[in-house]
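In: Quick one: sequence and predicted model below, then my questions.
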Amino acid sequence: MRHRTTRTVRHASATALVAALLAVSACGGSAISAEKAVRANAGVQGQGAAVAGAGSGPGAVTGGTGTTTGGTGTTTGGGTGTGATGGGTSTGGGSTTGGGTTTGGGTAAPATGKGVRAGSCDGFKNSLGITDDRIIIGNIADVSGPVPGIFTSAQQATKAYAAYFNSTSAICGRKLEVKSYDSQTNTSADAVATQKTCDETFAAVGSMGAFDSGGTAIAKKCNLPEMHAIITNDDRAGCATCFGASAPSDGLFPSAIPNYFTRTNKAATQKAAMVYVNAAASVGAAKAQINAEQRRGWKFAFTGSFDIAEFNYGPLVQRMKSAGVKLVQMYGSSDMAVRMAKAMQSANFKPEIFLLPATQYDKIYAAGGSPVDGSVVFVNFAPLEEARSNPELALYTQWLQQVSPGAEATYFGLYAWSAARLFSERATALGGKLNRANLVQEFRKVRKWTSNGLHAPQAVGNKGGSDCVRFIQLRGGKWSPYGPTRYSCDGLVSAR
């Protein structure tokens, strides 16, 4: 059953990561370095870009062979591929309906996909951010601040999509141009960046900031269309013209998470624990998850928190062990989660399940060794390991390398790419009717958005979140599916 409540919980994974990273950085001691901060947002090990050129593999690897299925209207590169809904088919050496070219040989479908019907360009008018040959979009992301580069990946992904789009498509003869703004991990800078975006661009696309509430009033005042990667604060989510490719959850939590473990190991759910760092977002995320899981029948044998400066997790572990805990959940940075896993191993405490949010889906955690082996993470996007079987994911990784060589794919970047695609598709459909007000109206219509299978369906337009999740498990430093490889969608439960 889907419950509606006031907005209190938004993207627990993203906000918990922000709080944990910023708090640890500010604390010193074993603070996360700039290098680690960037790595904390990076994809897991083994995730190189999909390389253009010969070889076997998915259609998104240009010039390849093999068979793949894509999302709505997206097939690229060589081999034989089909768009799941509305897409064209490609055969042989990499040709597909719709024209366009990509590097490495072969031709690819337009960036907007064959399923998108372009609106008539009759009556098209230039306006703020739109000239005779380009549409300027702004991207606001935390690039500098206490944790340098924390959301650089969102900016890189937005630029990558624009380059991809421009290689195959145009909107009434106009190409996309991205202007980047640094929100500097604080509200004041976010406000300044939002004002510049209002004054200098047509719309904000793929933005990602820890303190995105700073520019809310400005975005409202200038009616700026915004399609964020992920919105992290209530204020921005409440803005009528502000949306996220990962839709705000409106105080709800996916029932699929507690339901799955109730079905597969009910005994463990009756002896659950939650531990979390005393940083605002992590506290809120942990308590919300506890509330939701209790409503789905879980019982908690232990809940506890630890200070940012605390490095001895032994006492917490001993208390969980004494309480007979069988399932442990945690909110904190990757370093903290590794430390907790090591403390559990040292105490010979072996819970049947160590369940974590998507913030632990990174290289820092994957490199934690035997203590973290067997950990389970819940996600609502295609794991980066699946780039060779997911055409859209392969496109993201491929074009990321073309625009930002050496950059690593991340789930923040994944949602920024999704935001850019959604913007381009809706702008293309409007054609000559494209203006800020009409674009916002188009965003409001969006339901079950997946960006061609890049992530779980998102109720973007009504900001209803997603009730779909899947699980992955860490084994030997590598992530692999845990349970069904498809998403489980069981509705949403109140997290209050």
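Out: Happy to help now that I have it.
In: CA atoms for contacts and neighbours, from now on please.
Out: OK.
In: Is the residue nearest to D133 when sequence neighbours are not counted bridged to anything, and to what?
Out: Sequence neighbours aside, R174 is the residue nearest to D133 in space, at 4.4 Å (criterion: Cα to Cα, 6 or more residues apart in numbering). Bridge pairing for R174 (DSSP bridges) gives the partners I171.
In: Repeat that for the one 4 residues further on.
Out: For V178, the beta-bridge partners under DSSP bridges are I137.
In: give the contact list for it.
Out: By Cα atoms under 8 Å, 6 or more residues apart in numbering, the contact set of V178 is 136-139, 158-159, 162.
In: hmm, back to that, and the pLDDT for the residue nearest to D133?
Out: Looking at R174, its pLDDT stands at 98.
In: so it sits right up against R134, yeah?
Out: Yes: using Cα atoms under 8 Å, R174 is in contact with R134, at 4.3 Å.
In: Could you list the low-pLDDT ranges of the chain?
Out: Scanning the chain with the threshold set as pLDDT under 70 gives 1-110, 113-114, 280.
In: residue furthest from the geometric center of it?
Out: Ranking residues of the chain by C-alpha distance from their mean position (Cα atoms, centre = their mean) puts S322 at the top, at 37.1 Å.
In: Report the contact partners of F202.
Out: By Cα under 8 Å, 6+ apart, the contact set of F202 is 127-130, 135-138, 224-225, 436.
In: Out of those residues, list just those in helices.
Out: With helices taken from DSSP state H, the overlap with the contacts of F202 comprises R436.
In: how about the contacts of F202 in JSON lines, adding distance to F471 and neighbour count?
Out: Listed next are the contacts of F202 as JSON lines, based on distance: Cα to Cα, whole Å; neighbours: other Cα atoms under 10 Å:
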{"residue": "S127", "distance to F471": "45", "neighbour count": "14"}
{"residue": "L128", "distance to F471": "44", "neighbour count": "15"}
{"residue": "G129", "distance to F471": "41", "neighbour count": "18"}
{"residue": "I130", "distance to F471": "42", "neighbour count": "22"}
{"residue": "I135", "distance to F471": "39", "neighbour count": "23"}
{"residue": "I136", "distance to F471": "38", "neighbour count": "21"}
{"residue": "I137", "distance to F471": "34", "neighbour count": "26"}
{"residue": "G138", "distance to F471": "34", "neighbour count": "27"}
{"residue": "L224", "distance to F471": "36", "neighbour count": "27"}
{"residue": "P225", "distance to F471": "33", "neighbour count": "27"}
{"residue": "R436", "distance to F471": "38", "neighbour count": "20"}
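In: Reformat the contacts of F202 as a markdown table; add distance to F151.
Out: Formatted as a markdown table, the contacts of F202 follow (distance: Cα to Cα, whole Å):
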| residue | distance to F151 |
| --- | --- |
| S127 | 30 |
| L128 | 27 |
| G129 | 24 |
| I130 | 27 |
| I135 | 24 |
| I136 | 21 |
| I137 | 18 |
| G138 | 15 |
| L224 | 21 |
| P225 | 21 |
| R436 | 26 |
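In: Which neighbouring elements make contact with the top helix by length along the chain?
Out: The single longest helix within the chain, with elements called by DSSP H, is helix 411-430. Here helix 411-430 touches helix 152-168, strand 203-205, strand 226-230, strand 242-246, helix 391-403, helix 436-444, going by 3 or more Cα pairs under 8 Å, 6 or more residues apart in numbering; DSSP states H and E.
In: now those as TSV including distance to C121?
Out: Listed next are those as TSV, based on distance: least, Cα to Cα, whole Å:
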stretch	distance to C121
helix 152-168	18
strand 203-205	19
strand 226-230	23
strand 242-246	26
helix 391-403	28
helix 436-444	14
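In: and of the ones you listed, who's closest to A427?
Out: Closest of the helices and strands packed on helix 411-430 to A427 is helix 436-444, at 6.7 Å (criterion: Cα to Cα).
In: between the closest one and helix 411-430, how many degrees?
Out: Here the directions of helix 436-444 and helix 411-430 differ by 120 degrees (axes from the mean of the first three to the mean of the last three Cα atoms, to 10 degrees).
In: Mind listing residues that contact helix 436-444?
Out: 202-203, 223-225, 241, 243, 426-427, 430, 460-462.
In: wait, which of the residues you listed is closest to P258?
Out: Nearest member of those to P258, counting by Cα to Cα, is V460, at 23.8 Å.
In: so the closest one sits in a strand?
Out: No: counting by DSSP: H, G, I helix; E, B strand; the rest coil, V460 falls outside a strand, being coil.
In: Could you measure from the closest residue to it other than its chain neighbours over to Y482?
Out: If the residues on either side of it in the chain are set aside, V460 comes closest to A247, at 4.9 Å by Cα to Cα, 6+ apart. Separation of A247 from Y482 (Cα to Cα, to the nearest Å) stands at 25 Å.
In: So which of those two has more stuff around it?
Out: A247 (27 against 16; other Cα atoms under 10 Å).
In: Distance check, that one against A154.
Out: 16 Å.
In: Same question for P405.
Out: Taking Cα to Cα, one finds P405 at 15 Å from A154.
In: quick one: which of those two has more around it?
Out: A154 (35 against 11).
In: What is the burial count for the spatially closest residue to the more buried one that is not a sequence neighbour?
Out: Spatial nearest neighbour of A154, chain neighbours left out: G413 (4.2 Å); criterion: Cα to Cα, 6+ apart. When neighbours are counted by other Cα under 10 Å, G413 registers 31.
In: if I look at G413, how far off is S213?
Out: Counting by Cα to Cα - G413 and S213 are separated by 20 Å.
In: Could I get the full set of strands for the stretch 201-350 of the chain?
Out: 203-205, 226-230, 242-246, 252-254, 272-277, 300-306, 327-331 (DSSP state E, counting those that start in this stretch).
In: Switch these over to TSV; also include distance to N291.
Out: Listed next are the strands of the stretch 201-350 of the chain as TSV, based on distance: least, Cα to Cα, whole Å:
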stretch	distance to N291
strand 203-205	33
strand 226-230	23
strand 242-246	22
strand 252-254	9
strand 272-277	11
strand 300-306	10
strand 327-331	13
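In: For V283, find the nearest of those strands.
Out: strand 272-277 (6.5 Å).
In: Measure how that closest one sits relative to strand 300-306, angle-wise.
Out: For strand 272-277 against strand 300-306, the angle by the same axes, to 10 degrees is 10 degrees.
In: just how off-centre is strand 272-277 within its chain?
Out: Using Cα atoms, centre = their mean, to the nearest Å, the distance from the centre of strand 272-277 to the centre of the chain it belongs to is 23 Å.
In: Put the alpha carbons of that strand into PDB.
Out: Taking C-alpha atoms only, strand 272-277 is exported to PDB below (Å, rounded to 0.1, in the frame of the first residue of the first chain):
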ATOM      1  CA  ALA A 272      17.700  -6.400  13.300                       C
ATOM      2  CA  ALA A 273      20.100  -3.600  14.200                       C
ATOM      3  CA  MET A 274      20.700  -0.100  12.800                       C
ATOM      4  CA  VAL A 275      23.900   1.900  13.500                       C
ATOM      5  CA  TYR A 276      24.600   5.300  12.100                       C
ATOM      6  CA  VAL A 277      27.000   8.300  12.400                       C
END
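In: and it, which strands flank it?
Out: strand 300-306 (parallel), strand 327-331 (parallel).
In: and that strand, which residues are buried?
Out: Residues of strand 272-277 classed as buried by neighbour count (16 or more other Cα atoms under 10 Å): 272-277.
In: what's next to that strand, contact-wise?
Out: Applying Cα under 8 Å, 6+ apart, the contact partners of strand 272-277 are 20, 282-283, 286, 290, 298-308, 320, 325-332.
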